[in-house]
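Visitor: sequence below, structure please.
(chains A and B)
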Amino acid sequence: MTYDHILVRFGELALKGKNRTQFEQRLQTNIRFALKDHPSCRVKRTYGRIIVQLNGADATKVSEKLQKVFGISSFSLAMVAPNQMEAIKDAALEAFLQHEGEKRTFKVSSRRSYKAFPMRSAELNPEIGAHILRNTEGVTVDVHHPDVEVNVEVREQGTYITCGRIKGRGGLPVGTAGKVALMLSGGIDSPVAGYLAMKRGAELEAVHFHSPPYTNERARKKVEDLTHILTAFGGPITLHIVPFTNLQTTIHQHVPSNYAMTIMRRMMLRITERIAHQRGMKAIVNGESLGQVASQTLESMYTINEVTNMPILRPLVSLDKQEVIDISQEIGTYETSILPYEDCCTIFLPPNSVTKPRREKANQAEQSFSFEPLIEETLQGIETVEIGKEDERHTEMDDLL
Amino acid sequence: MIYLDNSATTKPWPEVLEAYQKATQTYFGNPSSLHRLGTEADTLFQKARQAVAKLLGAHTEEIIFTSGGTEGNNLAIKGIAFAYQTRGKHLITSTVEHPSVLEAFRYLETLGFEVTYVPVDQEGRVNPRHVEEAVREDTTLVSIVHVNNEMGTIQPIEEISRRLKKYPKLFFHTDHVQGVTHVPFSFRDIGVDLCTISGHKFHGLKGTGVLVKRKGIRLSPLFHGGGQEFGVRSGTENVPGMVALAKALRITRERQRETKEKILTGKKRLLEALQTLEGAVINTPVKDSAPHIVNVSFPTLKPEVIIQALTKKGIHVSTKSACSSKENQPSAVIEACGLGKERAESAIRISFSVDTTEAEVEELITQLRMIIPEMRKVMGVAK
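Guide: Residues are numbered from 1 along each chain as shown, chains lettered A, B, ... in the order given. Predicted coordinates for the structure are as follows:
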């Protein structure tokens, strides 16, 4: 007998009343996506738990994948026994023996969700505990601070035995909060903002402003790579590449240089809002943190934000730079983010941007040129790619390997 | 032609050559160039890296592409020795290493490093306890070959690795060049810090290899330049070579699983035949040796002559390590095992590939049964 199941627990979901089924289904789908490289795994839902049947898949690798899925509070390797006392005792002993790590003391905690089972939890604990004691050397029971807690869950389909638990990523299953538009630049902040939005259940569509030839192929590739890294946390992501060159050069020509940055941001926000409307998204997420750079002073946010009344979520608003860097390293976007390619925010950056732009002046500056047709034209030129579903070119490359 | 010198090198597979050719024609851009060709070459290169990482059980950023086994071994050994010399200047290896390991250590000795050479038993195996006993406060590196290239002896890498875990200040490197094909392990599971493999030993191309380096370990580079390979190995990336290596490794892993039994049977058959062949003394250990290597001595006979006789019949085998077999000297490995000069002077090595067939092994046995008695008669050792 070996650990051939993983028992997945979700804390916060249990609180969600009527929506729970939908939440559980979504989590099940997300787990399936996360385990797509392990086709032998079966992901089943049972009351209040999700069970992953490994069927020979590598438990360590599957665990690594599960640790990236939002909505899981914890999970454990499990053995399954039929609902029959002798079998449960043997499986519990086996689970204890095969558990790795310190195990001089233990306790048994039983739960009987399947009430048709004849023994009560309070009767199960001593029975199973005694069986383990009889068959091991130098192991004792400690109900207060055990090295190992042997969990026994009697369910209708069978009894699941686990030892110890691995902490999950927490949060809510991606997709349960609806869809949001992530403004993804390619820097350190915006991927982290996207990640944090996903943590609270948002599904992402990323919007990237690309200004060829001023921003190059590598910058675009970098954004695709970043998006790809984010897919590990919640499934495929649609990436909208916005051709921004015309709009950007026009701003550069017609707007006073100290307001160019502010106007550019307002244009980006307008375009993102329209994409969001078209695609049924209810909010915009960006990587702004309060007071970090010129465009992120409170005055600047106030002036830029004027162009939309769609909610703008700023998950990083109160984080320090180092805290953002720490998260980006943990989620694996940092190394890609720091690759030195120009993005559209850094080119044409005038030396004299105002740090406290005013709404009246911004509006006045936008009167200098009729931007609306240009915005329309830009929207028409958007290129949309699905990241996480491999494209043609890549299969051709994969054939070579 | 019957090719039984696969420990020296293997024949590149057609699929591998095809991938190489396609990669070198279509994706010839320099991965560091910013234009589309460069970006594509880079994408392909990173994909090759990912594929290799997955096959070896390592992280992508732990894969350093090199030019082969010699470079990998040198980079690991000198790289650690130099990078951590402020921590200590004591190194440990065994007496049965490949020249690219042994000579790297000898060179370091001339620079003031101190090296302990752990001896082996008659089967060519180090005792993990002896390795641990050699560890000192100032030891920075232990390097032990996984599968010996002449004898086929498998070293207890896992146990050594487990014992060395108690000494977090030193690093453990294994030369996995001979093991990667027929005695594969997962880098993560085996617990070593560094591990060298070479592409042409598994039907890839010469001039390709990998050094796997656990995350967080520093290496002093052998080549300085443009900072490729995470700054550890400068030089324009060999995109098609590494694509070929990735492909060869993938096919090897598949074929190894399919042909494991066949190779073992072939080895068993050959060993049985050699046991009944007068004048043959088997050097390869019966237990814990690689399934693809058989080392046998014919005392008093000259191995070069046996090889010439077999080559005439279209069968290709070798004396000891190909890297040193041109020098007319007894095998250092067999001498290190304490098997005597006579056996060390008269050893030949037969090494299989996943493509070796039963018929080929039978043909070798038939030829040996004719050649050996005849030679013994000429030399005056047979009655």
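
Visitor: going by C-alpha atoms from here, please, whenever you check contacts or count neighbours.
Guide: Noted.

Visitor: up against chain A, what does the stretch 151-300 of chain B have?
Guide: B:V243, B:A244, B:A246, B:K247, B:R250 (Cα under 8 Å from any Cα of the partner chain).

Visitor: next one: stretch B:34-44 to chain centre, how far?
Guide: Centroid separation between stretch B:34-44 and its chain, computed with Cα atoms, centre = their mean, to the nearest Å, is 33 Å.

Visitor: most neighbours among the residues of the stretch 151-300 of chain B next to chain A, which one is it?
Guide: Tallying neighbours with other Cα atoms under 10 Å in any protein chain shown puts B:V243 at the head of those, with 32 neighbours.

Visitor: helices along the stretch 1-150 of chain A, start to end?
Guide: Ranges of helices in the stretch 1-150 of chain A, per DSSP state H, counting those that start in this stretch, are A:20-34, A:59-66, A:85-98, A:121-134.

Visitor: who's in contact with the longest one?
Guide: Counting contacts by Cα atoms under 8 Å, 6 or more residues apart in numbering or on different chains, the residues outside helix A:20-34 that touch it are A:13-14, A:43-45, A:50, A:65-66, A:69, A:71, A:173-176, A:232-235.

Visitor: what angle do it and helix A:59-66 make?
Guide: Calculated by axes from the mean of the first three to the mean of the last three Cα atoms, to 10 degrees, helix A:20-34 forms an angle of 120 degrees with helix A:59-66.

Visitor: what is the burial count for B:T139?
Guide: Neighbour count for B:T139, taken as other Cα under 10 Å: 24.

Visitor: picking up where we left off before, any chance of the helices of the stretch 1-150 of chain A in CSV, with mean neighbour count too?
Guide: Putting these into CSV (neighbours: other Cα atoms under 10 Å in any protein chain shown) gives the following:
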stretch, mean neighbour count
helix A:20-34, 19
helix A:59-66, 16
helix A:85-98, 19
helix A:121-134, 16
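
Visitor: quick check: which of those is nearest to B:I77?
Guide: With Cα to Cα, the closest approach to B:I77 among these belongs to helix A:59-66: 30.5 Å.

Visitor: in the chain, which residue is closest to the centre?
Guide: Since you didn't name a chain, this refers to chain A. A:F233 (3.6 Å; Cα atoms, centre = their mean).

Visitor: ah, no, chain B please
Guide: With the centre of chain B defined as its mean C-alpha position, the nearest residue by Cα atoms, centre = their mean is B:V177, 2.5 Å away.

Visitor: need the contact list for that residue.
Guide: Contacts of B:V177 by Cα under 8 Å, 6+ apart are B:G69, B:H146, B:V147, B:T196, B:I197, B:S198, B:K201.

Visitor: that one sits in which helix or strand?
Guide: Following DSSP states H and E, there is no helix or strand that holds B:V177.

Visitor: so A:V242 bridges to which residues?
Guide: Listed by DSSP bridges, the beta-bridge partners for A:V242 are A:F209.

Visitor: for it, give me its contacts.
Guide: A:V207, A:H208, A:F209, A:H210, A:T378, A:L379, A:G381, A:I382, A:E383.

Visitor: isn't there a helix covering the first one?
Guide: Pointing back at A:V207 there. No - A:V207 is assigned strand when assessed by DSSP: H, G, I helix; E, B strand; the rest coil, not a helix.

Visitor: returning to what we had before: which of the contacts of B:V177 sit farthest apart?
Guide: Longest span within those, Cα to Cα: B:H146 and B:K201, 14.4 Å.

Visitor: low-confidence ranges in the stretch 201-350 of chain B?
Guide: When residues are selected by pLDDT under 70, those of the stretch 201-350 of chain B lie in B:320-328.

Visitor: do a quick rundown of the strands in it.
Guide: Remark: strands assigned in the stretch 201-350 of chain B by DSSP state E, counting those that start in this stretch are B:209-213, B:281-282, B:293-297, B:315-316, B:347-351.

Visitor: what does chain A have sitting close to chain B?
Guide: So far as Cα under 8 Å from any Cα goes, chain A lies against chain B at A:N216, A:E217, A:R218, A:K221, A:M397, A:D398, A:L400, A:L401.

Visitor: and the contacts of stretch B:220-232?
Guide: B:64-65, B:75, B:78-80, B:82-83, B:219, B:233-237.

Visitor: show me which of those residues are buried.
Guide: Buried members of those, scored by 16 or more other Cα atoms under 10 Å in any protein chain shown, are B:I64, B:F65, B:L75, B:K78, B:G79, B:I80, B:F82, B:L219, B:R233, B:S234, B:E237.

Visitor: any chance you could list what contacts the helix or strand hosting the fourth one?
Guide: Using DSSP H and E, B:K78 sits within helix B:69-83. Residues external to helix B:69-83 that are found in contact with it (Cα under 8 Å, 6+ apart): B:66, B:89, B:91, B:100-101, B:104-105, B:108, B:140-141, B:143, B:171, B:173, B:175, B:177, B:194, B:196-198, B:209-211, B:218-222.

Visitor: apply 7 Å and report the result again.
Guide: Contacts to helix B:69-83, defined as Cα atoms under 7 Å, 6 or more residues apart in numbering or on different chains, come from residues B:66, B:100-101, B:104, B:140-141, B:175, B:177, B:194, B:196-198, B:209-211, B:218-222.

Visitor: that helix vs strand B:209-213, what angle?
Guide: Using the same axes, to 10 degrees: helix B:69-83 against strand B:209-213 is 30 degrees.

Visitor: what pLDDT, on average, does the helix or strand containing A:I271 get?
Guide: Remark: A:I271 resides in helix A:257-278, with elements defined by DSSP H and E. Taken as a whole, helix A:257-278 has an average pLDDT of 94.

Visitor: and it, how far from the chain's centre?
Guide: 26 Å.

Visitor: in it, which residues are buried?
Guide: A:257-276.

Visitor: show me what it is packed against.
Guide: With contacts defined as 3 or more Cα pairs under 7 Å, 6 or more residues apart in numbering or on different chains; DSSP states H and E, helix A:257-278 has these neighbours: helix A:245-254, helix A:298-305.

Visitor: residues in contact with the shortest one?
Guide: Counting by Cα under 7 Å, 6+ apart, the neighbours of helix A:298-305 from elsewhere in the structure are A:T262, A:R265, A:R266, A:L290, A:G291, A:S295, A:T355, A:K356, A:P357, A:R358, A:R359.

Visitor: also the longest one?
Guide: Residues from elsewhere that reach helix A:245-254 (Cα under 7 Å, 6+ apart): A:S211, A:P212, A:A260, A:M264, A:S368, A:F369, A:L374.
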